[in-house]
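# For reference, the sequence and a predicted model appear below.
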Amino acid sequence: MARMPKVILKDFESGKAGVLVVDGQPIVRERLVEIISSQSDFVSCGETDNPRSAFDLISSCKVDLVVTSLSLKDSHGLEFIKDLHVRYPHLQVLVF
């Protein structure tokens, strides 16, 4: 049975940039979300380990920045980044 990725959605506070974390390692995602949430200008709008869930989150949330690694579940990060630029050309991407 396939395991569903952990996805967390949070409410946005006005004036804060929404950040989505996409990484294959749970401990990395959790720590990045903690760091992002502690900043006054950013809010974590979700976390996931695969591109499919990331695209679902981007389409349903106000995401301003995607923080990702090149090591992802079910995909390579470079392909994910290429797909991001095709679907959302103005979305900022930070490779961690």
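Nice, thanks for sending it over.
# From now on I want contacts and neighbour counts done on CA atoms only, so please keep to that.
Fine.
# check contacts around L32.
Residues near L32 by Cα atoms under 8 Å, 6 or more residues apart in numbering: V21.
# before we move on, what about S71?
Counting by Cα under 8 Å, 6+ apart, S71 touches D23, G24, G77.
# please redo it, this time with the cut-off set to 10 Å
If you count contacts by Cα atoms under 10 Å, 6 or more residues apart in numbering, S71 has them with V22, D23, G24, Q25, D49, N50, G77, L78, F96.
# which residues in this structure form helices?
Here the chain has its helices, by DSSP state H, at 26-37, 51-60, 77-87.
# Any idea which of those helices gets closest to S44?
For the helices of the chain, the distance to S44 is smallest for helix 26-37, at 5.9 Å, taking Cα to Cα.
# which sections of the protein are below the confidence cut-off?
1-14 (pLDDT under 70).
# re the thing from before, distance to S69 added to the helices of the chain, as TSV?
Below are the helices of the chain laid out as TSV (distance: least, Cα to Cα, whole Å):
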stretch	distance to S69
helix 26-37	10
helix 51-60	11
helix 77-87	6
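# Indicate which one of the ones you listed is closest to T68.
Nearest of the helices of the chain (Cα to Cα): helix 77-87, 7.4 Å.
# Between helix 51-60 and the closest one, find me the angle.
Compare the direction of helix 77-87 with that of helix 51-60 by axes from the mean of the first three to the mean of the last three Cα atoms, to 10 degrees and you get 30 degrees.
# Report all helices and strands that helix 77-87 contacts.
For helix 77-87, the packing partners by 3 or more Cα pairs under 10 Å, 6 or more residues apart in numbering; DSSP states H and E come out as helix 51-60, strand 65-68, strand 71-72, strand 92-95.
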